[in-house]
Every structure is written in C-alpha cells, then in structure tokens.
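Trainee: only the shape, not the letters, is given here:
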C-alpha cells in the first residue's frame, strides 16, 4: 500500500460478504438435505397456493421433515406479514 | 489394516490431483506402503502429476474388467519403492467403473498389505466421484477459499455422511478433513479472501492443512514431481505438515500470515 492509497476509497471487505452469503446458503442447503426429492416442488406449489390469499415472500414458507420414532413428520410453517401489504391479492374479508 | 482415503472436492480445478500425489508421496516417504488410484476415467491426469505417464500399460478399468492382473497395472514409483500408481483409463467412459469392480480391486490391495490407498476423485458428484468416496475410511476435502468451492464442498460433506459404505452400514462415519489450497495470506489480510477460520466455521470440520498459493505447484506439475518433494516451496512444506498431522503428529499451521513489509515498501507500495 503506497502513501497515497488512502486517498482512494477502499473497496468493501468482500471476504466478509462471501462468508455471510455462504453461511446462509449452506445452512439452507443442509436443512433440505436428506429430505425427499419432491420437497422443493411441494414448497413451490404451496407457495403459489398461499400467494393466492396472502402475499408472502418465498422465504416465508418453511418445510422440514423430521423423524419421530417410526414416522416422518412433515412440518410446514408460513410466516404471515404483520400488516397487509399494499397490492395484497387476498380476497376482501368480513364485508 | 488398510486405510482408504478419498481426496475429493466437488468443484474442479481446486487441487485434488496435486493433493493426491503429494499425500501418496508423503505417506510413502514415511515408509508406508501406498497405492494411489485415479478415478477420473476418461480424463486421466494423475500419471502426469506423478511423472509416470509414459509407463502406463494397463489401467484401473483394465483391472476391473479383468483384462490384466492388479500387479500388472500397478506402476511402481521410481522414487519410493513402496509407492504405486494405478492410472485411470483414457479411452473408456465413466460407466466403465462398477461398484463391485472397485470393491474387488480395493480388497485385493488390502490383501496385498497396502497401508494406505489414496483415491483421487474426479470433480462433480457423478459415478466416478461416488465410487471414489464410497469405500472411504477418511476423506480429505480440498477447498479453495472461494464461494463456489466452499458450497460444493459442503455438498460433498453431505454425501460422505449419507452415500458411503460406512454411512449405509451405520458404522463409524468417514473421518472428514479440510485441506485449504491456493491460500493467499496477503489477500486475506486485505479482506479480499476468506480466512481459514471463516471456511472452517462455515463447513464445521477440522483443518488438516493450509497450502499457500505457490509458484512451486505449477513448476512441480510441469516437471512431474509431486510438489511435496520440492522442499524450497512453501506449498511443499505445507503438504509435509499436513501428512504429519494425518499421521497424528501435532504441527502448528504455517504460512497463514502475510510476509511483513519493510518501511520502504509500506511507504511507496510494492
């Protein structure tokens, strides 16, 4: 690094960006590992159905398969937005 | 007791064959009886890195298809007599390998009293890579400090935990080691490259060694002399440390810090 280098703007620390991105994607892929092959498709179709009623982002739908004794348990979680998002495609309710 | 070691990575071009050659030589140099097998059928390269490419008569696929004996196909290394190379076929396709065939060859190596069999995996997660890892007792996962390599390695770790003989039998899992290659401490310090701790944290397995990016690696492959034999190169020294650790020795990690700069180069760049 030369004496005038500090005048140039330092590029962002790309290594920490890489680490953060990997941490997320690796955790996600480990979660999906070992599950049945149809899970990604099931998740996508569920997301489409849910979006007919509530506008949720893709990551709001979580699918996990867990083994409990003799059975595999399919656990489905959908995180709903706190307030209705403008442009919500959900049908009007209560009126 | 024969130990089967797979050198694998998922991603191509990260240094699997360089590593296989140096691991095999490093173990043989310590007096072990070693065979190193190229599983990259159709894209044979281990022979070049080992410097025995002109002595290949029969290959791994010939042995599997019983067109020759194992003894005929094993190429004796000229430097260490306890080291043998089994080349991949250059002409067949990857379906030429079968699980039964590979198992038979590995069993024969075990019966011949080999201490270590190093399996050099092809890139990818197809048949060759699957068979290279299937019988493994130990895996050396070669990783570059770079996003696609780390992600692919994690995929490989998943396969090692589920698609190997040990996993299927429910016996002790394949021992997994991380070997970081093409490490550039200067770029790590400047924040342009993930550090060994970053990669270890993401993958969650122990680090067998860190091989610094080194001109010695290209020079070694040019010459057909595995880089571990180049004692002047940092990569060669780092591989030797890794082999010592593989055999249970404690060795501190070297070459992780950027070389210190003098006042002159700090002021005026360089």
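Mentor: Good, I have the coordinates. Keep in mind that what you see is a predicted model, and the values were worked out from it rather than measured. Residues are numbered from 1 along each chain as shown, chains lettered A, B, ... in the order given.
Trainee: all strands for the stretch 101-250 of chain B, in order.
Mentor: With DSSP state E, counting those that start in this stretch, the ranges of strands along the stretch 101-250 of chain B come out as B:116-120, B:138-143, B:175-183, B:207-212.
Trainee: in its sheet, what does the shortest one sit against?
Mentor: This means strand B:116-120. The strands beside strand B:116-120 in its sheet (DSSP bridges) come out as strand B:3-8 (parallel), strand B:34-38 (parallel).
Trainee: and the contacts of the next helix or strand after the shortest one?
Mentor: It refers to strand B:34-38. With elements assigned by DSSP states H and E, the helix or strand that comes after strand B:34-38 is helix B:46-50. With contacts defined as Cβ atoms under 8 Å, 6 or more residues apart in numbering or on different chains, helix B:46-50 is touched by B:17-18, B:20-21, B:24, B:36, B:38, B:40, B:53, B:56, B:75, B:77, B:85, B:87-88, B:120, B:220-221, B:224, B:226. Backbone N, C-alpha and C define where each C-beta goes, glycine included.
Trainee: report the buried members of those residues.
Mentor: Neighbour counting by 16 or more other Cβ atoms under 10 Å in any protein chain shown classes B:17-18, B:20-21, B:24, B:36, B:38, B:40, B:53, B:56, B:75, B:77, B:85, B:87-88, B:120, B:220-221, B:226 among the contacts of helix B:46-50 as buried.
Trainee: in the stretch 51-200 of chain B, which residue sits closest to chain A?
Mentor: Residue of the stretch 51-200 of chain B nearest chain A, by Cβ to the nearest Cβ: residue B:191 (3.7 Å).
Trainee: burial count for residue B:242?
Mentor: Here the number of neighbours of residue B:242 (other Cβ atoms under 10 Å in any protein chain shown) works out to 25.
Trainee: quick check: which ranges of the stretch 51-200 of chain B have low pLDDT?
Mentor: The stretch 51-200 of chain B contains residues with pLDDT under 70 at B:94.
Trainee: for the chain, what spans make up the helices?
Mentor: This is for chain A. Ranges of helices in chain A, per DSSP state H, are A:14-32, A:39-53.
Trainee: please go with chain B instead
Mentor: B:16-29, B:46-50, B:60-64, B:70-73, B:99-111, B:127-134, B:147-160, B:165-169, B:185-189, B:196-203, B:215-223, B:234-246, B:263-268.
Trainee: between those, which one is closest to residue A:12.
Mentor: helix B:185-189 (14.2 Å; Cβ to Cβ).
Trainee: say whether chain A is contacted by the closest one.
Mentor: Yes. Using Cβ under 8 Å from any Cβ of the partner chain, helix B:185-189 reaches chain A at residue B:188.
Trainee: could you list the buried residues of that helix?
Mentor: B:185, B:187-188.
Trainee: out of the helices of chain B, which gets nearest to residue A:54?
Mentor: Here helix B:147-160 is closest among the helices of chain B (Cβ to Cβ), at 31.8 Å.
Trainee: buried sites along the closest one?
Mentor: Buried residues in helix B:147-160 (16+ other Cβ under 10 Å): B:147, B:149-160.
Trainee: let's have those in a markdown table, adding distance to chain A.
Mentor: Conversion of these to a markdown table gives the following (distance: Cβ to the nearest Cβ, whole Å):
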| residue | distance to chain A |
| --- | --- |
| B:147 | 5 |
| B:149 | 10 |
| B:150 | 5 |
| B:151 | 6 |
| B:152 | 11 |
| B:153 | 9 |
| B:154 | 5 |
| B:155 | 7 |
| B:156 | 12 |
| B:157 | 9 |
| B:158 | 5 |
| B:159 | 9 |
| B:160 | 12 |
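Trainee: so which of these comes closest to residue B:1?
Mentor: Residue B:1 lies nearest to residue B:160 out of the buried residues of helix B:147-160, by Cβ to Cβ, at 20.4 Å.
Trainee: poorly predicted segments of chain A, please.
Mentor: For chain A, the stretches with pLDDT under 70 are A:1-11, A:34-35, A:83-95.
Trainee: how about the contacts made by residue B:131?
Mentor: B:39, B:97, B:99, B:102.
Trainee: give me the neighbour count for residue B:241.
Mentor: Residue B:241 sits with 20 neighbouring residues when counted by other Cβ under 10 Å.
Trainee: likewise for residue B:78?
Mentor: 11.
Trainee: tell me the buried residues in stretch B:236-252?
Mentor: For stretch B:236-252, a neighbour-count test (16+ other Cβ under 10 Å) marks B:236-243, B:245-246 as buried.
Trainee: give me the residues contacting it.
Mentor: B:19, B:22-23, B:26-27, B:30, B:177, B:179, B:208-212, B:214, B:216, B:220, B:227-231, B:253-255.
Trainee: next one: stretch A:59-66
Mentor: For stretch A:59-66, contacts defined as Cβ under 8 Å, 6+ apart pick out A:31, A:34-36, A:39, A:42-43, A:46-47, A:50, A:72-81.
Trainee: buried subset of the residues you listed, written for ChimeraX?
Mentor: To isolate the buried ones among the contacts of stretch A:59-66 in ChimeraX, judged by 16+ other Cβ under 10 Å, type:
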select /A:35,42,43,47,50
